[in-house]
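[1] here are the coordinates; sequence isn't available:
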């Protein structure tokens, strides 16, 4: 029994020693020719000190044996008052010298010093960085903290990274990159961030312009929120210090939290407007406005009392996180009660809210040290923002399209109604003209005919009176023809137009060249309107053009539905088409009115001294 126990104990001891030996081996990061990138979370050992009077004192206050314990994976300790000393070892297994980059992917560390071990317990400083120094004083000007490391062929180096961000949340995900792969990464990241922040700027400007044009408060509030959220991420990712205020350490230390307050403030306002709480659910709107007002006061206070705000920044961050927790159930309840009235809008809001708050919660857990940032390969707030902006932008684009479609539909309906009114108006004129024509023809015309016959038997200057009566009768008949061209129904549109040219040109020196195809019969209303328009055109030629020759062609349309194309050309003096309304006045407007009322189209082109060309497209109706 003892033998079995001893053998089992010996086996466990061997396994434990093998595990410890294996861990010690993995603490050395071996790089070869195929190396591109590696996280140091599996290769570092670290310890921390509370008393900090400078880096030299920190180094003197520790035992270097503390840095030799097995490898740690926890790279996100959370809120801490300590300084962290991180040790790691790199071996160059290449057959030549190689250059590498050490990346600490947290742009908001107060101060960082990279040391190289000389011997067993001495170090030399090889790089200093941090956001408590000017941006251009960094070893490499980058939004993150980058240190160049050179290793000779077969060389093994041990490093010590001292990270100081006391009295705040600290996370130090650290990576080693080959120089070539790091440069590729920077190009990819540069393109990605250019597209993202360019998209945010476009959304901001588009929302503000459209919001102002449409007087849409929701669009304006969305533009403000998208702009403030984009600015917060721009600063949180380290671009603010790099591009906006590289010479201002003070701004770099406080502006991120101040813009976060503004982002939350604009989101509260936007949420209330987006769900129409200010109109439909005033109690929920009132609660959100109380939170909004508190955030406004907090935002103004952070700028006015900036020094106090900076000294108590952890307290204010906790206040902000508590507000986030408190507002989330209010947002969800407001969405729940608003769902019945606009389910599509609320579903979009919930998707966007879920993406953003999931990212924010994960980021908060990282700040408190409950999740290791090294296990998250992307910025969760940035990813949530991308999803959120996409969903909200798609929602507003759909809403704008719906509004425009309704507007266009209304305009089309108005056009249809106007066309009906025009058609009814023109038809009424024609009916009235027909009534007057019938009265002239059946009443006055008949009476004049009787009078003429009676005069033939009177002993007076019969010829003189007869001629006068004949003239009156002719005038009455002409008026009748003009008011109701009933000959169109009898002769057809083409012969009626040809006869119209003969009548109106008679007595002038104008030569008429008339050509017509066999065209399909037009609807009676359409034919009457075409007849009236051509009547107006001929009168204008006779009165104003000074033409000596007129060509009229009536061509068959390409299809039966198209009816006919009528072209009228004269060699008169022409006119400036820019002054067309001035030259032709109500006549031209009336012509267009008539043609468009029956679904046709008229075009007039003219140049001074080169005559006039008129084209009329008419449909069968």
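    Looks like it came in fine. Source: prediction; values computed, not measured.
[2] And the strands in the stretch 1-150 of the chain?
    28-31, 37-39, 44-49, 78-80, 83-92, 98-104, 111-118, 122-129, 145-151 (DSSP state E, counting those that start in this stretch).
[3] Serialize these to CSV and add fields for distance to residue 266 and mean neighbour count.
    The C-beta positions use only the backbone N, C-alpha and C, and glycine is treated the same way. Below are the strands of the stretch 1-150 of the chain laid out as CSV (distance: least, Cβ to Cβ, whole Å; neighbours: other Cβ atoms under 10 Å):
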stretch, distance to residue 266, mean neighbour count
strand 28-31, 45, 16
strand 37-39, 36, 17
strand 44-49, 38, 20
strand 78-80, 27, 16
strand 83-92, 36, 21
strand 98-104, 32, 21
strand 111-118, 33, 18
strand 122-129, 33, 16
strand 145-151, 31, 19
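[4] Which one of those lies nearest to residue 514?
    Residue 514 lies closest, by Cβ to Cβ, to one member of the strands of the stretch 1-150 of the chain: strand 37-39, at 86.7 Å.
[5] for that closest one, packing partners?
    Taking 3 or more Cβ pairs under 8 Å, 6 or more residues apart in numbering; DSSP states H and E as contact, the helices and strands that strand 37-39 lies on are strand 174-178, helix 179-214.
[6] Of those, give the one that comes closest to residue 361.
    Judged by Cβ to Cβ, the one of these that comes nearest to residue 361 is helix 179-214, at 21.3 Å.
[7] chain center to the closest one: distance?
    Chain-centre distance of helix 179-214: 13 Å, with Cα atoms, centre = their mean, to the nearest Å.
[8] Just after it, pick out the following helix or strand.
    helix 217-236 (DSSP states H and E).
[9] and that following helix, what's its mean pLDDT?
    Here helix 217-236 scores 93 as its mean pLDDT.
[10] got the domain boundaries for this protein?
    26-184, 202-410, 488-618 (automatic domain parsing).
[11] Could you report the distance from residue 416 to residue 409?
    From residue 416 over to residue 409 the distance is 11 Å, taken as Cβ to Cβ, to the nearest Å.
[12] residue contacts, the closest residue in space to residue 92 that isn't next to it in sequence?
    Spatial nearest neighbour of residue 92, excluding adjacent residues (Cβ to Cβ, 6 or more residues apart in numbering): residue 151 at 3.7 Å. Shown in contact with residue 151 (Cβ atoms under 8 Å, 6 or more residues apart in numbering): 31, 90, 92, 97, 98, 100, 157.
[13] so which of those residues comes closest to residue 497?
    Of the contacts of residue 151, the one sitting nearest to residue 497 (Cβ to Cβ) turns out to be residue 100, at 91.1 Å.
[14] Identify the residues contacting the nearest residue to that closest one once chain neighbours are set aside.
    Distance criterion Cβ to Cβ, 6+ apart; nearest residue to residue 100, sequence neighbours excluded, is residue 149 at 4.6 Å. Contacts for residue 149 (Cβ under 8 Å, 6+ apart) come out as 90, 99, 100, 101, 102, 157, 159, 176.
[15] per-residue confidence at residue 149?
    Looking at residue 149, the pLDDT reads 93.
[16] separation between it and residue 102?
    From residue 149 over to residue 102 (counting by Cβ to Cβ), the distance is 5 Å.
[17] okay, and the common contacts of these two?
    Here residue 149 and residue 102 share the contacting residues 159, 176, scored by Cβ under 8 Å, 6+ apart.
[18] Which other helices and strands does the longest helix along the chain contact?
    If you go by DSSP state H, the chain has its longest helix at helix 380-439. Using 3+ Cβ pairs under 8 Å, 6+ apart as the contact test, the elements touching helix 380-439 are helix 179-214, helix 217-236, helix 343-367, helix 462-483, helix 524-540, helix 580-597.
[19] Indicate which one of those helices is closest to residue 168.
    helix 343-367 (8.9 Å).
[20] the inter-axis angle of the closest one versus helix 217-236?
    Inter-element angle recorded for helix 343-367 and helix 217-236: 20 degrees (by axes from the mean of the first three to the mean of the last three Cα atoms, to 10 degrees).
[21] just the angle between helix 343-367 and helix 380-439, please?
    Going by the same axes, to 10 degrees, helix 343-367 makes 160 degrees with helix 380-439.
[22] Which positions in helix 343-367 come out as buried?
    345-346, 348-353, 355-357, 359-367 (16 or more other Cβ atoms under 10 Å).
[23] Tell me which other helices or strands it touches.
    helix 249-274, helix 313-338, helix 380-439.
[24] So which of those is nearest residue 549?
    Nearest of the helices and strands packed on helix 343-367 (Cβ to Cβ): helix 380-439, 31.8 Å.
[25] now that closest one: how far from the chain's centre is it?
    Worked out by Cα atoms, centre = their mean, helix 380-439 lies 23 Å from the chain centre.
[26] for stretch 243-251, same thing?
    31 Å.
[27] Could you list the buried residues of it?
    246, 251.
[28] residue ranges with poor pLDDT in the stretch 451-600 of the chain?
    The stretch 451-600 of the chain contains residues with pLDDT under 70 at 451-490, 560-561, 578-587.
[29] pLDDT wise, what is the residue most central in space within the chain at?
    In the chain, the residue lying closest to the centroid (Cα atoms, centre = their mean) is residue 203, at 5.2 Å. Residue 203 is assigned 93 on the pLDDT scale.
[30] Tell me who's in contact with the spatially closest residue to it that is not a sequence neighbour.
    Leaving out its chain neighbours, the residue that sits closest to residue 203 by Cβ to Cβ, 6+ apart is residue 226, at 4.7 Å. Contacts here follow Cβ under 8 Å, 6+ apart; on that basis residue 226 touches 200, 203, 204, 207, 389, 392.
[31] Relative to residue 514, how far out is residue 189?
    77 Å.
[32] Kindly apply the preceding question to residue 93 instead.
    Residue 93 is 99 Å from residue 514, by Cβ to Cβ.
[33] Flag every buried residue along stretch 385-393.
    Within stretch 385-393, the residues that count as buried by 16+ other Cβ under 10 Å are 385, 386, 387, 388, 389, 391, 392, 393.
[34] likewise stretch 251-270?
    Buried residues in stretch 251-270, defined by neighbour count with 16+ other Cβ under 10 Å: 251-270.
[35] Please state the offset of it from the chain centre?
    23 Å.
[36] got it, and stretch 312-329?
    Worked out by Cα atoms, centre = their mean, stretch 312-329 lies 32 Å from the chain centre.
[37] nearest to residue 281, of the strands of the stretch 1-150 of the chain?
    Closest among these, using Cβ to Cβ: strand 78-80, at 37.6 Å.
[38] Which secondary structure elements does that closest one sit against?
    strand 168-170.
[39] ok, the strand it packs on: who's next to it in the sheet?
    The pairing partners recorded for strand 168-170 under DSSP bridges are strand 78-80 (antiparallel).
[40] what's next to the partner strand, contact-wise?
    Everything outside strand 78-80 that qualifies as a contact, by Cβ under 8 Å, 6+ apart, is 48, 165, 166, 168, 169, 170, 171, 314, 367, 368, 369, 370.
[41] give me the number of residues near residue 283?
    10 (other Cβ atoms under 10 Å).
[42] What strand or helix carries it?
    helix 282-304.
[43] by contact count, what packs against that helix?
    helix 249-274, helix 277-280, helix 313-338.
[44] neighbouring contacts of that helix?
    The contact list for helix 282-304 (Cβ under 8 Å, 6+ apart) reads 254, 257-258, 261-262, 264-265, 268-269, 271-272, 277-278, 309, 316, 319, 323, 326-327, 330, 333-334, 337.
[45] returning to what we had before: kindly write the ChimeraX command that selects the buried subset of the contacts of strand 78-80.
    Per 16+ other Cβ under 10 Å, the buried members of the contacts of strand 78-80 correspond to this ChimeraX selection:
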select :48,165,166,168,169,170,171,367,369
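[46] Nearest to residue 574, out of the contacts of strand 78-80: which one, please.
    Out of the contacts of strand 78-80, the member with the shortest distance to residue 574 (by Cβ to Cβ) is residue 367, at 80.2 Å.
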